[in-house]
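[1] One predicted model, sequence on top.
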Amino acid sequence: MDDIRTLRLSDEKAFNTFNHLLTEEKEAGNPFIETRLIDDYSSFYQKTKQLETLSDQPDWSTVTSYYYFRNQEILAKISCRWELEKGNLSEIGGHIGYATLSSYRRQGIVTKLLFFAFERYKERHIYDIFITALEDNIASRRAIEKVGGKLQDIITTADGKKLARYWINLERITA
């Protein structure tokens with residue numbers, strides 16, 4: 001059975017497997033994976049819970065991360081950043097970030113996660129969602145467009161990457 005939810009302390013084994021697989025993919029050269037190896041789940045878990053309501057950096061948004069579980073295995077994650085005005089989120093970061101294990105891509109999981117996240121934004125009365133993807137990350141861009149993303153522009157970031165920037169108006173979106 002599939003479930004989308006935040007982490008629990010009891011999810012350590014599933015999280016560690018998910019984290020290791022994503023880290024291995026990043027180290028193998030996948031430029032679309034942004035993660036780091038977590039070696040202390042308990043501290044990570046506590047920090048994750050704190051960041052849902054309070055950021056310890058003035059330029060960081062509060063954030064809630066939801067995980068896509070199937071049979072007690074984590075297949076994907078979506079992070080909802082609630083304060084677009086913080087840091088560079090309104091320029092390059094956006095409201096949402098996500099990652100899926102390579103063996104579960106192209107199965108509609110990101111689409112399900114996006115619609116799930118949209119409901120969380122609506123609960124907070126946030127109806128205009130800014131989301132970005134590297135220009136050459138065609139799969140991510142297709143997912144964004146599939147759920148109603150409208151391309152604003154493509155910019156070059158300070159580190160030379162081309163970034164496609166999208167807006168999604170949730171008042172016009174239906175799951």
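    Yep, that arrived.
[2] And the helices in the chain?
    All helices of the chain, identified by DSSP state H, fall at 12-27, 41-51, 109-123, 138-146.
[3] Show me what counts as buried in the last one.
    This points to helix 138-146. 140-141, 143-144 (16 or more other Cβ atoms under 10 Å). The way it works is simple: take the backbone N, C-alpha and C, and place the C-beta from them, glycine included.
[4] Rebuild those as CSV, extending it with pLDDT and distance to Thr48.
    Listed next are these as CSV, based on pLDDT from 0 to 100; distance: Cβ to Cβ, whole Å:
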residue, pLDDT, distance to Thr48
Ser140, 91, 23
Arg141, 94, 28
Ala143, 93, 24
Ile144, 94, 25
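[5] which two of those lie the greatest distance from each other?
    Spatially, the most separated pair among those is Arg141 and Ala143, at 7.3 Å (Cβ to Cβ).
[6] circling back to that earlier point, wait, which of the buried residues of helix 138-146 is closest to Thr53?
    Among these, and counting by Cβ to Cβ, the member closest to Thr53 is Ile144, at 27.4 Å.
[7] what packs against the worst-scoring helix or strand of the chain on mean pLDDT?
    Every helix and strand of the chain was ranked by mean pLDDT, DSSP states H and E. The lowest is helix 12-27, at a mean of 86. Applying 3 or more Cβ pairs under 8 Å, 6 or more residues apart in numbering; DSSP states H and E, one finds that helix 12-27 contacts helix 41-51, strand 63-70, strand 73-81.
[8] Quick one: closest of these to Asp2.
    Across the helices and strands packed on helix 12-27, closest to Asp2 is strand 63-70 (Cβ to Cβ), at 5.1 Å.
[9] how far does the closest one sit from the chain's center?
    Relative to the centre of its chain, strand 63-70 is centred 9 Å away, using Cα atoms, centre = their mean, to the nearest Å.
[10] Just checking: what are the partner strands of it?
    Paired strands of strand 63-70, with direction, are strand 2-5 (antiparallel), strand 73-81 (antiparallel) (DSSP bridges).
[11] Quick one: mean pLDDT for it?
    The pLDDT scores in strand 63-70 average 95.
[12] mean confidence for stretch 147-155?
    95.
[13] May I have that stretch as PDB, with CA atoms only?
    Taking C-alpha atoms only, stretch 147-155 is exported to PDB below (Å, rounded to 0.1, in the frame of the first residue of the first chain):
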ATOM      1  CA  VAL A 147       0.500  19.300 -13.300                       C
ATOM      2  CA  GLY A 148      -0.100  22.700 -14.800                       C
ATOM      3  CA  GLY A 149       3.200  24.500 -14.600                       C
ATOM      4  CA  LYS A 150       3.500  27.500 -16.900                       C
ATOM      5  CA  LEU A 151       7.100  28.300 -18.000                       C
ATOM      6  CA  GLN A 152       8.000  31.900 -16.900                       C
ATOM      7  CA  ASP A 153      11.600  31.900 -18.300                       C
ATOM      8  CA  ILE A 154      14.900  30.100 -18.400                       C
ATOM      9  CA  ILE A 155      17.800  31.900 -16.600                       C
END
